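[1] Take this sequence and fold it.
(one chain, ligands or ions: 1)
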Amino acid sequence: SEVYLNGKWVKPDEAFVSVFDRAFMFGDGIYEVTPFYNGKAFKLKEHLKRLQYCLNEIQVAIDAFSLEKLMYEAIDRTGLNKADAAVYIQVSRGVAARSHFVPEKIETTVLLYAFPVTLEGFEKKTWEVIATEDKRWHRCDIKSTALLANVMANEEAIAAGFAENLLVRKGYFTEGSHSSLFFVKYGVVHTHPEGHKILSGITRAEVIDICTDLNIKVVEKAVHIDELVEVEEIFVTGTTTQIIPISSITHKDKKVYTAQKDSLTKKIQEVFIKKSRG
Ligand code: PMP
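    Reported below is the predicted structural model:
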């Protein structure tokens, strides 16, 4: 049995929750995805810290770090000790009669499982993307299971034959529908500051560390869509995305950006591979 659900390990096709689970009814839940390179967790503490932050923000009293052992157990039970994998964790506020009001006596639904994922070869990819209005809520720092706006944005890209959708709020790029976003302008790396408008990406933080080590200047400042003429390189980052260069951006059916170089992205990718694969 490979799926952990509320204190028990069950088979994937026997893992069920109630239709009255609040994550199903309201999207009243949060999640976390942690990568395992060759069976070894990468940035585990950072992922658990973010999970704890989200739990605290939605006021669910669970110790995120108590799940660490279960994560390794999920990898073991799935036979992924020597493979690239990820562990998905989801915490829902629990099961109750459908009402916005949360009853005092409610037990959280905790789901956790490991799945194989291709983390190798990302450095050979480039993505052509679109840019559209960021229609998400104002607490994108909470890794909520309510991903309707993200899914709609991603589907818009896929339907038009693109790999990702870069989101723009009041003219400024925030992040991708499922990735963090970086720009290189005059040799300086730019990324949206942390706060309520983006998810605090773990890969994003790692890339900032790598830039510091490489003596590449980083400014946490949003880039305006009109600044694209000055941008030399763009790349997106994420746990499953890793680091992928953007070759072009299409906005309202017009190509508004074509990559000029990829040299800085390549340097960062090289160090990232070394660090993530130990
Ligand atoms: N932003 C969004 C909206 C995401 O869904 C993700 C995760 N796929 C990221 C950024 C990247 O975060 P991380 O590096 O922690 O996976």
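
[2] Please give me every residue in contact with the nearest residue to residue 80 once chain neighbours are set aside.
    Once flanking residues are discounted, residue 80 sits nearest to residue 114: 5.5 Å by CB to CB, 6 or more residues apart in numbering. Where you see a C-beta, it was placed from the backbone N, CA and C, and this is true even at glycine. By CB atoms under 8 Å, 6 or more residues apart in numbering, the residues touching residue 114 are 2, 36, 71, 74, 75, 77, 78, 80, 85, 86, 87, 88.

[3] One more: residue 272?
    Counting by CB under 8 Å, 6+ apart, residue 272 has contacts 206, 207, 210, 242, 243.

[4] which one of the residues you listed has the most neighbours?
    When neighbours are counted by other CB atoms under 10 Å, residue 243 leads the contacts of residue 272 with 27 neighbours.

[5] Surely it is within a helix?
    No. Using DSSP: H, G, I helix; E, B strand; the rest coil, the assignment for residue 243 is strand, not a helix.

[6] and it, what are its bridge partners?
    Listed beta-bridge partners, residue 243: residue 237 (assigned using DSSP bridges).

[7] Ok, residue 130 next?
    Going by DSSP bridges, residue 130 forms beta bridges with residue 165, residue 250.

[8] quick one: it and residue 48, what's the gap?
    Applying CB to CB, to the nearest Å, the value for residue 130 to residue 48 is 34 Å.

[9] Of the two, which one has the most company?
    A side-by-side neighbour count of residue 130 and residue 48, using other CB under 10 Å, places residue 130 first with 24 against 21.

[10] Now do the more buried one, the pLDDT please.
    We note a pLDDT of 99 for residue 130 in this prediction.

[11] so it touches residue 166, yeah?
    Yes. Here residue 130 reaches residue 166: they are 7.3 Å apart, a contact under CB atoms under 8 Å.

[12] any common contacting residues for those two?
    residue 249.

[13] want to try a markdown table for the contacts of residue 272, with distance to the ligand as columns?
    Listed next are the contacts of residue 272 as a markdown table, based on distance: CB to the nearest ligand atom, whole Å:
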| residue | distance to the ligand |
| --- | --- |
| 206 | 8 |
| 207 | 9 |
| 210 | 13 |
| 242 | 9 |
| 243 | 10 |
